[in-house]
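Enquirer: Give me coordinates for this.
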Amino acid sequence: MRSHDAIASAIGAEPKGFIAPCWSTSSELVGVLQDAGYLYDTSVFPSYFMWLILAKLWLNFRGDPRRQEFLQRRDALANLIASRRPYLASRRSLHQPQEDGVLILPVPVSPALRIPCWHTARFVLPEWMYRHAFRTSRQARYFYYLMHPADLSDPQDLQHQGLEISNLERWEVGLPRKLDLLTEVLDALRASGAQFVTLREMSEEIIRRREYVSP
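Expert: Next up is the predicted model:
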């Protein structure tokens with residue numbers, strides 16, 4: 001809530017969307033979001049790939065005091081059995097659709113194998129696997145493409161401040177290459193006829209049309 005208040009103070013409006021660090025969510029967290037008037041949440045990662053990601057982070061963050069935090073999760077069932085489609089969740093349940101609550105927009109995954117599709121996957125998954133996830137997951141009626149600040153950052157952004165990041169694989173990828181990869185994605189979405197909207201607009205339409213999974 002301190003973050004919520006700081007954002008509201010900075011932009012003059014309360015935030016309506018949320019994502020937990022490393023998608024580490026829980027039903028209690030969803031309840032806090034509901035009490036605070038949030039519209040949507042993108043913290044559910046409905047794929048067994050989460051366990052592979054945690055293993056990679058465990059290796060990347062060796063020597064970092066935050067390393068233990070990666071295993072302190074309370075969303076195991078959601079990562080395995082949560083719906084791929086939008087649904088409402090509350091503090092009563094994180095992965096079982098509810099009658100009311102916060103709209104959960106799960107991370108897009110491929111239909112059969114649940115291979116996750118977000119921009120960082122471009123730097124860590126085999127090319128064929130990423131392309132399969134991108135091609136199949138974007139065929140859903142509602143699709144969003146998640147990015148991390150490091151996906152559009154350059155090593156020089158921090159070097160002049162004497163800072164260094166060593167636990168992000170794509171950190172050493174130059175900005176021109178990162179821009180080329182993003183442009184390729186945006187061109188593909190535009191060519192497919194996708195309508196570009198904000199997550200808030202998409203969430204409001206899903207709720208208005210009741211195009212979420214029913215309990």
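Enquirer: Next up, identify which helix or strand the closest residue in space to Ala36 that isn't next to it in sequence is on.
Expert: Distance criterion C-beta to C-beta, 6 or more residues apart in numbering; nearest residue to Ala36, sequence neighbours excluded, is His4 at 6.1 Å. All C-beta atoms are positioned from the backbone trio N, CA, C, and that covers glycine. Element membership for His4, per DSSP states H and E: helix 2-11.
Enquirer: after that helix, next one along is what?
Expert: strand 17-18.
Enquirer: what mean pLDDT does that following strand have?
Expert: Strand 17-18 shows an average pLDDT of 97 in the prediction.
Enquirer: Within the sheet, what are the partner strands of that strand, with directions?
Expert: strand 40-41 (parallel) (DSSP bridges).
Enquirer: what comes into contact with the strand it pairs with?
Expert: By C-beta atoms under 8 Å, 6 or more residues apart in numbering, the residues outside strand 40-41 that reach it are 16-19, 25, 30, 33, 89, 102-105, 199-200, 203.
Enquirer: roughly how far is it from the heart of the chain?
Expert: Centroid displacement of strand 40-41 relative to its chain, using C-alpha atoms, centre = their mean, to the nearest Å, is 10 Å.
Enquirer: which of the contacts of strand 40-41 are buried?
Expert: 16-19, 25, 30, 33, 89, 102-105, 199, 203 (16 or more other C-beta atoms under 10 Å).
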